[in-house]
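K.L.:
make a model of this:
(2 chains)
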Amino acid sequence: MAEKYPELRANVIAILRGIAPEVEADELRDDRPLRQQVDLDSMDWLNFLIGISEQLKVSIPEADYGRLVTLGNLLDYLRAKLG
Amino acid sequence: MFDFTLPSLGADMDEGKLIEWKVKPGDTVHKGQVVAIVDTSKAAVDVEIWQDGVVHELLVEAGERIPVGTALATLLEPGEKAPPKGAPSKGARAGGKEARRAAGGAAAVGEGRPLAAAAAVHAEGARLRISPAARKRADALGVDIARLTGSGPGGAVTLADVEAAAQPGAPKAVEAIPAAHPEADRNAEMRRAIAAAMSRSKREIPHYYLVETIPMARAQRWLAQANEGRPITARLLMAVLQLKAVAAALAQYPDLNGIFRDGCFEPVQAAHIGVAISLRQGGLIAPALHDVGSKPLDQLMRELADLVKRTRAGSLRSSEMSDPTITVTNLGDQGVEAVMGVIYPPQVALVGFGRIMERPWVEDGALLALPTVVASLAADHRVSDGHRGALFLAELRERLQRPEEL
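P.N.:
Coordinates of the predicted model:
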């Protein structure tokens, strides 16, 4: 499967690694639930989204969390937000 | 004069390794100040002093492994004069030190090597001359300022001296410390420590377990509304609501909050909740979030975020490790439906929350699908029984139906 938006993906994974240093970019599947793949608890997840919103300058309302299940969902969402 | 001893930083700790002194002889210290860093099987812990005083003598060197209860240093009470050199009390101290080392047995290392000469000089009362900036830099670089020779006016240690000492090849305090345990050793050691504490718990504490399914629709709605107007950095987590609700319910059931010691229960008024935090490399630490009942949710959220961060970074304070009065384990929205915990001695209760999930729910004869959570209580039968425990869980359920009051 071709990876989506390689540059954005790399940025997002770099932020993720700030929380889960053991994550290997190549082993992450874009089409699987991210929190299950990486074992993020609710505090990790919040910190991950804080990292994204601060570094990529996007706002992520809590109401949108439900749409952000897989890494692919997240990348699509951010791509749309970043225009 | 009083001894500063190595405190027990949890039931699963029986010894620690002194990593670093944050004070030196002659320093005035205040209650709550971090005076040393000690490595336990779980984390490097900032150990706080519990009363004001002036550091008289450091009895243990960085790198030494010592049992809980060992005297690490002697201190003078505020206003107390140092005993003259060679005075009987000093001799007695020295004797105590030898006895301690003997008692420590194989654990004691570095025999025969006195504390750094510079530290001994300062014991005579002279304060090390160093600028605050240089001291701060030395802290950041891990340079032991007691071992530096100052090049500034009157032998003062300058920023440049600190920088020079931090260069590769320069003698550093940390060189005296053997390399940290490899990760695998640390994990194995932590598992052993947790297993020992939990075995003790299962052996000594007659547990009883209760569960209650709690509707969470109101709490979820309230939280969603509260977070709507907030920047992401100020948003609250459900875990914080749950912790606050536990503290509020405990206020009415104090027989679940406290310490069981020497055959009797000592209730504690404030709820210092041990929050079970899993580490990414495996293992678990449950440091205290202090006095949860009296703090607003925003403050609790900030403190919880900070506690999680410091737990994972391995920089907890000794008070956080030693004084939880109850533990809450929250397996969260990625977890299982329900958890039955094992009480962490010397506490007498543990509250567990499973995953919030939609379940069939009957209300006024109507069948609904509602978000609910299974809350469990594991409690100590020596102190309370099922009736009290059930009332506590009912109170917890009611508190979570009125999130606006938390």
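K.L.:
and residue 66, helix, strand or coil?
P.N.:
Defaulting to chain A. Three-state call for residue A:66 (DSSP: H, G, I helix; E, B strand; the rest coil): helix.
K.L.:
you answered for a different chain; I wanted chain B.
P.N.:
strand.
K.L.:
isn't it up against residue B:7?
P.N.:
No - applying C-beta atoms under 8 Å, one finds residue B:66 not in contact with residue B:7, separated by 11.6 Å. Using the backbone N, CA and C atoms, a C-beta is placed for each residue, glycine as well.
K.L.:
okay, those two: which has more neighbours?
P.N.:
When residue B:66 and residue B:7 are compared for neighbours, residue B:66 comes out ahead with 24 against 21, by other C-beta atoms under 10 Å in any protein chain shown.
K.L.:
who's that one bridged to?
P.N.:
The residues listed as beta-bridge partners of residue B:66 by DSSP bridges are residue B:16.
K.L.:
show me the domain layout of chain B.
P.N.:
Listed domain ranges for chain B are B:2-103, B:112-198, B:207-405 (source: automatic domain parsing).
K.L.:
enumerate the residues of the stretch 251-400 of chain B near chain A.
P.N.:
By C-beta under 8 Å from any C-beta of the partner chain, the residues of the stretch 251-400 of chain B that approach chain A are B:278, B:280, B:281, B:304, B:305, B:308, B:332, B:333, B:334.
K.L.:
can you pick the most crowded of these?
P.N.:
Most surrounded of those: other C-beta under 10 Å gives residue B:332, at 23 neighbours.
K.L.:
what segments of the stretch 301-406 of chain B are strands?
P.N.:
Assigned by DSSP state E, counting those that start in this stretch, the stretch 301-406 of chain B shows strands spanning B:316-317, B:326-330, B:349-353, B:357-363, B:366-380.
K.L.:
chain center to the fourth one, what's the gap?
P.N.:
Between the centre of strand B:357-363 and the centre of its host chain there is 38 Å, according to C-alpha atoms, centre = their mean, to the nearest Å.
K.L.:
also the second one?
P.N.:
Computed by C-alpha atoms, centre = their mean, the chain-centroid distance of strand B:326-330 equals 15 Å.
K.L.:
got it, and the last one?
P.N.:
Between the mean C-alpha point of strand B:366-380 and the mean C-alpha point of its chain there is a distance of 30 Å (C-alpha atoms, centre = their mean).
K.L.:
report the rounded mean pLDDT for that strand.
P.N.:
In this model, strand B:366-380 has an average pLDDT of 96.
K.L.:
does residue B:64 touch residue B:16 like I think?
P.N.:
No - the criterion here is C-beta under 8 Å, and residue B:64 misses it with residue B:16 at 9.6 Å.
K.L.:
the more surrounded of these two?
P.N.:
Counted by other C-beta under 10 Å, residue B:64 and residue B:16 do not tie: residue B:16 has more neighbours, with 27 against 21.
K.L.:
ok, that one - contacts?
P.N.:
When contacts are counted by C-beta atoms under 8 Å, 6 or more residues apart in numbering or on different chains, residue B:16 touches B:6, B:9, B:38, B:39, B:40, B:45, B:65, B:66, B:68.
K.L.:
in chain A, which spans are helices?
P.N.:
Using DSSP state H, the helices assigned to chain A run over residues A:6-19, A:34-38, A:42-55, A:71-82.
K.L.:
can you redo these as CSV with mean pLDDT, mean neighbour count and distance to residue B:209?
P.N.:
Rendered in CSV, the data for these read as follows (pLDDT from 0 to 100; neighbours: other C-beta atoms under 10 Å in any protein chain shown; distance: least, C-beta to C-beta, whole Å):
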stretch, mean pLDDT, mean neighbour count, distance to residue B:209
helix A:6-19, 92, 16, 33
helix A:34-38, 91, 17, 28
helix A:42-55, 94, 19, 25
helix A:71-82, 92, 17, 39
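K.L.:
mind putting these into TSV with distance to chain B?
P.N.:
What follows is the helices of chain A, written out as TSV (distance: least, C-beta to the nearest C-beta, whole Å):
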stretch	distance to chain B
helix A:6-19	9
helix A:34-38	6
helix A:42-55	5
helix A:71-82	13
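K.L.:
relative to residue B:296, which of the ones you listed is closest?
P.N.:
Comparison of these against residue B:296 by C-beta to C-beta identifies helix A:42-55 as nearest, at 18.5 Å.
K.L.:
which strands or helices does the closest one pack on?
P.N.:
helix A:6-19, helix B:238-250, helix B:297-313 (3 or more C-beta pairs under 8 Å, 6 or more residues apart in numbering or on different chains; DSSP states H and E).
K.L.:
same question for the longest one, mean pLDDT?
P.N.:
Which is helix B:297-313. Helix B:297-313 shows a mean pLDDT of 94.
K.L.:
and what of the second one?
P.N.:
Throughout helix B:238-250, pLDDT has a mean value of 97.
K.L.:
who are the packing partners of that helix?
P.N.:
Counting contacts by 3+ C-beta pairs under 8 Å, 6+ apart, helix B:238-250 is packed against helix A:42-55, helix B:217-228, strand B:273-275, helix B:297-313, strand B:326-330, strand B:349-353, helix B:386-401.
K.L.:
please apply the same query to the last one.
P.N.:
If contacts are counted by 3+ C-beta pairs under 8 Å, 6+ apart, helix B:297-313 sits against helix A:42-55, helix B:238-250, strand B:273-275, strand B:277-278, strand B:288-289.
K.L.:
so which strand or helix has the closest residue to residue B:283 other than its chain neighbours?
P.N.:
Residue nearest to residue B:283 in three dimensions, not counting chain neighbours: residue B:190, with 4.2 Å by C-beta to C-beta, 6 or more residues apart in numbering or on different chains. Under the assignment given by DSSP states H and E, the secondary-structure element containing residue B:190 is helix B:183-204.
K.L.:
report the buried residues of that helix.
P.N.:
Using 16 or more other C-beta atoms under 10 Å in any protein chain shown as the burial criterion, the residues of helix B:183-204 that qualify are B:186, B:187, B:190, B:193, B:194, B:197, B:198, B:201.
K.L.:
one more: stretch B:58-72?
P.N.:
By 16+ other C-beta under 10 Å, the buried positions in stretch B:58-72 come out as B:58-67, B:70-72.
K.L.:
can you redo the residues you listed as TSV with distance to residue B:52?
P.N.:
Below are the buried residues of stretch B:58-72 laid out as TSV (distance: C-beta to C-beta, whole Å):
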residue	distance to residue B:52
B:58	18
B:59	19
B:60	21
B:61	25
B:62	24
B:63	28
B:64	26
B:65	29
B:66	24
B:67	26
B:70	22
B:71	18
B:72	17
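K.L.:
and these as a markdown table, adding distance to residue A:44 and pLDDT?
P.N.:
Listed next are those as a markdown table, based on distance: C-beta to C-beta, whole Å; pLDDT from 0 to 100:
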| residue | distance to residue A:44 | pLDDT |
| --- | --- | --- |
| B:58 | 39 | 92 |
| B:59 | 41 | 93 |
| B:60 | 37 | 91 |
| B:61 | 38 | 90 |
| B:62 | 34 | 89 |
| B:63 | 34 | 88 |
| B:64 | 36 | 90 |
| B:65 | 33 | 90 |
| B:66 | 35 | 89 |
| B:67 | 36 | 89 |
| B:70 | 37 | 89 |
| B:71 | 41 | 91 |
| B:72 | 36 | 92 |
